[in-house]
Structures are given as C-alpha cells and as structure tokens.
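Just a sequence and a predicted model for now, questions to come.
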Amino acid sequence: MKNDPYKNAGVDIRAGNDLVDKIKKDVASTFDKNVLNEIGSFSGFYSLPKGFKDPVLVACTDGVGTKVSLAQENSSLESIGQDLVAMCVNDMVTSGARPLFFLDYFASSKLDVSETTTVIRGIAKACKKSNCSLIGGETAEMPNHYTGKNFDLAGFSVGVVEKKLIISPSKVKKNNIIVGIESSGAHSNGYSLINKLIQESRLNESDRSNIIELALKPTYLYTSVILDLVKKVEVKSIANITGGGLTENIPRSIPNTLSSEIYLDNWKIPSFFKTLQELGNIEKSSMLKIFNCGIGMTVIVEPKDLNKTLDVLSKHKFKGYMIGKVINEASSKIKFV
C-alpha cells in the first residue's frame, strides 16, 4: 500500500507480521502436550495436567523495570527475556506450584523486529528451562506514548499445586532454620538506583564495563531446584528476594507472631554490591532493603533438614548458606546481627 494511513500514524502492521514469522519456531518449541492452540489464535488454551486430586491454580505477573534500559543501551536483550520469566515463576514457586504456561506483553514506540525477536527468544528459552509453555502474548506499538526506542515488558504466568501441598508461612515455628540460596546478582530489582550510580560514577572504562556486565547477569531461575527440594525436604516457607530486599521479603515468609534473626557473616556479600554501596555511599541498612545482597531466595526448614537442604542445592549447582533462624520476638520482624 503506497499510502498506509496507519503506518503514517506510527503503527506498522507488516512489521508485526514479520515478527510473528521470526518467533514462531522458538515459541512452538516451548509447547508441551497440554497446549491446545496454535500460534496466532485469539486465546491460549492449556489442558490442566492429569494426576491432581485437588488442584489449585496459581497466577503471577511482573516486569523487569528499568533493567530494560540498561540492557537496551548495552545490547544485552536476550538476558532480559530470562529476567522476565524468572520474576514471575520465582514468585510462583514459593507456594510450591509448578509453572504451566506463560504470556508476555511487549510495548514500544516503534517496533524494532530484530530487538523484539531477541527478547522473545530469550523468553522462550527461559520458559523451556522452567518447563512452562509460552502460549501467547501481545506486541503493542504505541507512538507518542513511548519515546525514541524505549520499550517495556510484562509477563504473566499460571501454575498449579495440590491444595494440601501449598507452602505458606503457617507451618513456620520458632528455631526453624533460614537457608539462603545464592543470587546471580541484583536480579531485576534496584535498577533505577543502579542506572543512576553508573551514569554518575567516575569509573574508568574497564571498571564501568565490568559493573555493567555484572548488573546485566540474568536472574536465576529457581523452579527446578525448589520443586526438587520440596519433594525431599519438608520446606516450611519460601521467600523470593525481590523489591524490598532481605529486609522486606524474609518477613513475608514468617507468621506475624514470629520474627527472624539474620547472620550477615554467614555468607560473603558479592563485590558487585559492595561496589554499588561505595559508589552511592549507601548505608548498610539501605542496601539490605533495596538489594538481595547475594541471596536470591530463602527457604525455611527444620534444623534436622539443614544438611539435606544444602545437598539438594549443591546437586543443582546452587550455593546455599544457613543465614539465620526464626525467633520469638514480636518487636521487630527482622534483626540483622
């Protein structure tokens, strides 16, 4: 069409069709036998797996925030796809649920087919690693709403868990042990501050490149290790350490009548976080409330199950640490010692 009024308004339908052609194979590679629709359907259809007596569906939605900006500036877009999936399925697995399917939302001022393809391929790869199917999504071209080449991402996932096996803080008791599982870095939280620190820093080019590389490490996917762990150990409660850091998230996994005591010397806080702290002259209390500080997820277990828990983590190539215990102190939800 020589005079395409919609394209003149900033929306290129042909580019959207090109994108679908490029991602078709990657998306289809995530499908399992329960996916009932083909790519291009108006809705995604997924048959509930057999074998559940009293299944409960679990839903999560999330984004990756301003980590998108850093990734786009440094041509590291495939890793952002894993970040998006991880932010959803890592929340989900804290309940003991296994992911079933995933949907994504990609919005930009002008669709860049190459960039978007890279992001969605990253999403598809992460879905396969998490054993969930990418059954649909939306690509929105929104001129005059987003500016330049900016884009935003959101994800939505649904999983399932047997009702009697739902993990919640209700089973946590005094003297239970808190085990921390290593993070890959900042995961997808605190990036408005990280971006500001990088932009305002006076680091030389080598040091600047190094901190950007560390900041762009993709969020770990914890689904496989946690779903294996809950089969072998009685896990009382789980926390995904995201926005709010250790300070805000560990208390979410503990009953209101109890508290936690965290031993900061029981794991080595990665140098990446120490560099951020120095660049911004940030107090330790703020670091613990903004970042995960090297602990991406925590699980609460009985003292007798500590060694077995660490063994399972090790078999999945994750480092685990006994970082604290549950205490009977109502005055403070968390105490760092």
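Everything's here; your move. Numbers count the residues shown, from 1 in each chain.

Show me what Ala107 is bridged to.
Each beta-bridge partner of Ala107 is listed here, defined by DSSP bridges: Ala140, Asp152.

Pretty sure it sits against Phe151.
Yes. Here Ala107 lies in contact with Phe151, judged by CB atoms under 8 Å, at a distance of 6.3 Å. To be clear about C-beta, it is placed using only N, CA and C from the backbone, and glycine gets the same treatment.

Looking at those two, which one has more neighbours?
Neighbour count, other CB atoms under 10 Å: between Ala107 and Phe151, Phe151 has more, with 25 against 17.

How about the more buried one, nearest residue that isn't a chain neighbour?
Of all residues not flanking Phe151 in the chain, Ser108 sits nearest, at 3.7 Å (CB to CB, 6 or more residues apart in numbering).

OK, contacts around Thr117?
Under the criterion of CB atoms under 8 Å, 6 or more residues apart in numbering, the neighbours of Thr117 are Leu19, Lys22, Ile23.

Ignore what I typed, I meant Leu288.
Contacts for Leu288 were tallied using CB under 8 Å, 6+ apart; they are Gly245, Leu246, Thr247, Phe336.

follow-up on the earlier one: and the contacts of Thr117, which of them are in helices?
Using DSSP state H, the subset of these located in helices is Leu19, Lys22, Ile23.

so what pLDDT did the second one get?
Reading off the per-residue confidence, Lys22 sits at a pLDDT of 93.

what bridges to the nearest residue to Lys53 once chain neighbours are set aside?
For Lys53, the nearest residue in space outside its immediate sequence neighbours is Glu162; the separation is 6.6 Å by CB to CB, 6+ apart. Note on Glu162: beta-bridge partners Pro55, judged by DSSP bridges.

isn't there a helix covering Gly296?
No. Remark: Gly296 does not belong to a helix; assigned using DSSP: H, G, I helix; E, B strand; the rest coil, it is strand.

shouldn't it be in contact with Ser183?
Yes. Using CB under 8 Å, Gly296 is in contact with Ser183, at 3.2 Å.

shared neighbours, the two?
Common neighbours of Gly296 and Ser183 (criterion: CB under 8 Å, 6+ apart): Thr219, Tyr220, Ile241.

Where neighbours are concerned, which of those has the most?
Looking at those with neighbours defined as other CB under 10 Å, the largest count falls to Thr219 at 28 neighbours.

if I look at that residue, how far off is Leu36?
Thr219 sits 30 Å away from Leu36, going by CB to CB, to the nearest Å.

Name the SS class of Met87, please.
Secondary structure state of Met87, per three-state DSSP, is helix.

Any idea how many residues pack against it?
Burial measure for Met87: 27 neighbouring residues, criterion other CB under 10 Å.

Cheers, nothing more for now.
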